[in-house]
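Enquirer: predicted model and sequence below, questions to follow.
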Amino acid sequence: MKRIYQALAEIEEKSQVAALATIVRSHGSTPRHGTSKMLVYANGKTLGTVGGGELERRVHAGALESMQDGEARYLTYQMNDPAQGDAGVCGGTVEVFVEPILPKATLLLIGAGHVGKAVAHLAKWLDYRVVIVEDKPEFCTPEHIPGGDEYLAIEMEEIAEKVHINAQTFVVMATRGADVDSLALPDLLKSQAAYIGVIGSKKRWLEAIKLTRARGVDKKELKRVHSPIGLEIEAETPEEIAISIMAEILMIRHGGTGEKMSK
């Protein structure tokens with residue numbers, strides 16, 4: 001059991017995604033009993049066991065689902081008659097609690113201009129981990145853009161390689177142009193990012209689409225991108241635009257609608 005707790009500490013330290021399944025109650029004859037645990041990693045690998053066989057296969061599937069939607073699950077399995085859909089033949093009942101282990105949400109900001117500064121400030125205030133990426137080193141410093149947890153002065157094509165992107169990562173591209181966007185998008189679109197938003201007008205986004213597709217990206221993949229970025233609130237200043245962007249991210253993260261609270 002000590003190994004699982006050590007693994008949990010490592011997962012938290014590395015901001016990884018996983019799920020922990022714990023048998024909270026068992027009745028009758030079952031392969032494992034109360035407090036038995038199984039840790040499921042994002043890649044499907046496991047540590048520990050809740051009983052093996054069909055029972056464990058079902059728990060494993062539930063754990064993977066919990067990582068995707070971020071919701072805990074309370075699962076009950078009968079162990080009597082597989083012909084009736086039960087998970088085994090031992091003769092008992094097993095109740096399993098599955099909880100997702102999710103890292104702190106990360107705001108991956110690409111571009112450190114005026115809007116980028118405002119987004120970084122607001123995201124930090126909203127308790128996101130803020131990672132700032134710039135291909136111009138002089139702009140990728142705490143002095144130029146305060147509030148970052150990590151600063152990476154790297155080329156656009158290196159982002160997916162140098163930054164750990166998972167389902168709790170929200171990408172904001174506030175770069176200087178469509179040509180820069182097209183360098184980063186191919187690899188970002190292959191990631192598990194929960195959100196990818198690109199700043200700019202509709203005309204700029206059409207140009208970015210053209211340039212990105214020329215790099216071999218399918219048109220369907222580009223539908224993941226939110227551009228023009230943010231909710232329509234007639235924002236003008238960098239600070240107002242940042243509110244528009246973070247409002248859209250919060251809406252998607254929490255499953256909101258973006259509609260008025262009162263009609």
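Expert: Cool, the structure landed. For clarity, every value in this text was computed on a predicted model and none was experimentally measured. Numbering: from 1, shown residues only.

Enquirer: show me where the stretch 101-250 of the chain has its helices.
Expert: 114-125, 159-162, 178-188, 202-213, 238-254 (DSSP state H, counting those that start in this stretch).

Enquirer: and those helices: which comes nearest Met67?
Expert: Distance to Met67, taken as CB to CB, is lowest for helix 238-254 among those, at 15.2 Å. From N, CA and C alone the C-beta is placed, and that goes for glycine too.

Enquirer: give me the angle between the closest one and helix 114-125.
Expert: Interaxial angle, helix 238-254 versus helix 114-125 (axes from the mean of the first three to the mean of the last three CA atoms, to 10 degrees): 50 degrees.

Enquirer: and the gap between Gly256 and Leu231?
Expert: Taking CB to CB, to the nearest Å as the measure, Gly256 and Leu231 are separated by 10 Å.

Enquirer: more crowded one of those two?
Expert: Set Gly256 next to Leu231 and count neighbours by other CB atoms under 10 Å: Leu231 wins out with 16 against 11.

Enquirer: quick check: buried residues in stretch 135-154?
Expert: Neighbour counts over stretch 135-154 (16 or more other CB atoms under 10 Å) mark Asp135, Phe139, Cys140, His144, Ile145, Gly147, Gly148, Tyr151, Leu152, Ile154 as buried.

Enquirer: including pLDDT, could these go into a markdown table?
Expert: As requested, these are exported to a markdown table (pLDDT from 0 to 100):
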| residue | pLDDT |
| --- | --- |
| Asp135 | 93 |
| Phe139 | 93 |
| Cys140 | 95 |
| His144 | 94 |
| Ile145 | 94 |
| Gly147 | 87 |
| Gly148 | 94 |
| Tyr151 | 97 |
| Leu152 | 96 |
| Ile154 | 95 |
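
Enquirer: give me the number of residues near Lys162?
Expert: Around Lys162 there are 12 residues (other CB under 10 Å).

Enquirer: correct me, but Glu65 touches Arg73?
Expert: Yes - at 7.5 Å, Glu65 counts as touching Arg73 under the criterion of CB atoms under 8 Å.

Enquirer: output the below-cut-off pLDDT ranges for this protein.
Expert: The chain contains residues with pLDDT under 70 at 1-2, 28-34, 79-91, 263.

Enquirer: what comes up buried for the helix or strand hosting Leu55?
Expert: In this structure, Leu55 sits in helix 53-69 according to DSSP states H and E. The neighbour-count check on helix 53-69 (16+ other CB under 10 Å) flags Leu55, Glu56, Arg58, Val59, His60, Gly62, Ala63, Leu64, Ser66, Met67 as buried.

Enquirer: same thing with stretch 224-233?
Expert: Applying a neighbour-count criterion of 16+ other CB under 10 Å, one finds Val225, His226, Ser227, Ile229, Gly230, Leu231 buried in stretch 224-233.

Enquirer: ok, which stretches of the stretch 1-150 of the chain are strands?
Expert: 18-27, 37-41, 46-48, 73-78, 93-101, 106-110, 129-134, 150-153 (DSSP state E, counting those that start in this stretch).

Enquirer: residues contacting the fifth one, please?
Expert: Strand 93-101 is contacted by residues 8, 11-12, 16-28, 30, 32, 50-51, 55, 59, 62-63, 66-67, 70-79, 87 when judged by CB atoms under 8 Å, 6 or more residues apart in numbering.
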